[in-house]
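Peer 1: dropping the sequence and predicted coords here.
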Amino acid sequence: MRRADRLLQIIQVMRRARGPVSGGAIASELEVSLRTVYRDIVALQASGVPVRGEAGIGYVLEDGYDLPPLMFNAEELEIVMLGLRMAEGRGDAAIVRTARDAVAKIASVLPGGLRDGFLDAPLYAPPPGVLPADRIELVRLREALRSGYKVEILYQVPGRAPERRVIWPIVLAFFERARVLAAWCELRNDFRNFRTDRMLEMIVLEARPPRGRKRLYAEWQAALMAEPDCRPLDHAETEVQAAE
């Protein structure tokens, strides 16, 4: 790897991380020596790249720093297309439309050779079976997730009377047989999973949970990991059956 490419890759590693990245982790990913990483960090700092940190602690890239747009390579484009195909196969109408728009936008800025490889990527995402119809607007639910508002739903488990719940949405999972919302339920005072096709009504409230979604997500993951033999969102069958 040329040194210029390696310096760009070091920046990319730090941009991807959510916290300090150790020199050893960078060296392992780039398959170079730790001494080489230290020299490259010094070179980046000398050229004005705002890298903070030191050996033995880790390095972070300060907020606000960016590079000119970088071109995807062929493998990256295949992975992007795979994700977009999965979104198109499992999402609601708005997600399908957005995925197709994204494909068109990406293809429009790629050079000819990469464009053809992107549009004809040899990675296939089999479509799921027929998903149960939703009564609510998933667009509104996803807006509530992004904005961090509470949601009130009228929810019905088969064989039981409908119940009104106030929930704090955390993450929406797209399984092959259903879409499942993980949320904190005020009625149960605990985390619960809710199938969107069992939501009879939904209102986005003008109230926010006392804890932000990022913190709720961490707490939800910790609660899942504390359960015996639990693999968070890796087993669609269990999650769909366990949804209230």
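Peer 2: That came through fine. For clarity, every value in this text was computed on a predicted model and none was experimentally measured.

Peer 1: I figured Leu187 hits Trp168, correct?
Peer 2: No. Between Leu187 and Trp168 there is no contact under CB atoms under 8 Å: 11.8 Å. From N, CA and C alone the C-beta is placed, and that goes for glycine too.

Peer 1: okay, the two: which has more neighbours?
Peer 2: Trp168 (24 against 12; other CB atoms under 10 Å).

Peer 1: quick one: that one from Arg140, how far?
Peer 2: Distance check for Trp168 against Arg140: by CB to CB, to the nearest Å, it reads 16 Å.

Peer 1: now do Leu181
Peer 2: Using CB to CB, we find Leu181 at a distance of 12 Å from Arg140.

Peer 1: those two: which is more packed in?
Peer 2: The neighbour count for Leu181 versus Arg140, taken as other CB under 10 Å, is higher for Leu181 (23 against 13).

Peer 1: tell me the secondary structure at the more buried one.
Peer 2: Classification of Leu181 using DSSP: H, G, I helix; E, B strand; the rest coil returns strand.

Peer 1: which residues does it bridge with?
Peer 2: Leu172, Phe194 (DSSP bridges).

Peer 1: wait, isn't it in contact with Leu141?
Peer 2: Yes. When contacts are counted by CB under 8 Å, Leu181 is listed as touching Leu141 (7.0 Å).

Peer 1: list residues touching both of those two?
Peer 2: Common neighbours of Leu181 and Leu141, using CB atoms under 8 Å, 6 or more residues apart in numbering, are Pro169, Leu172, Thr196.

Peer 1: ok, the spatially most central residue of the chain to Leu145 distance?
Peer 2: Taking CA atoms, centre = their mean, the centroid of the chain lies closest to Val171, which sits 9.3 Å from it. Using CB to CB, Val171 is found at 8 Å from Leu145.
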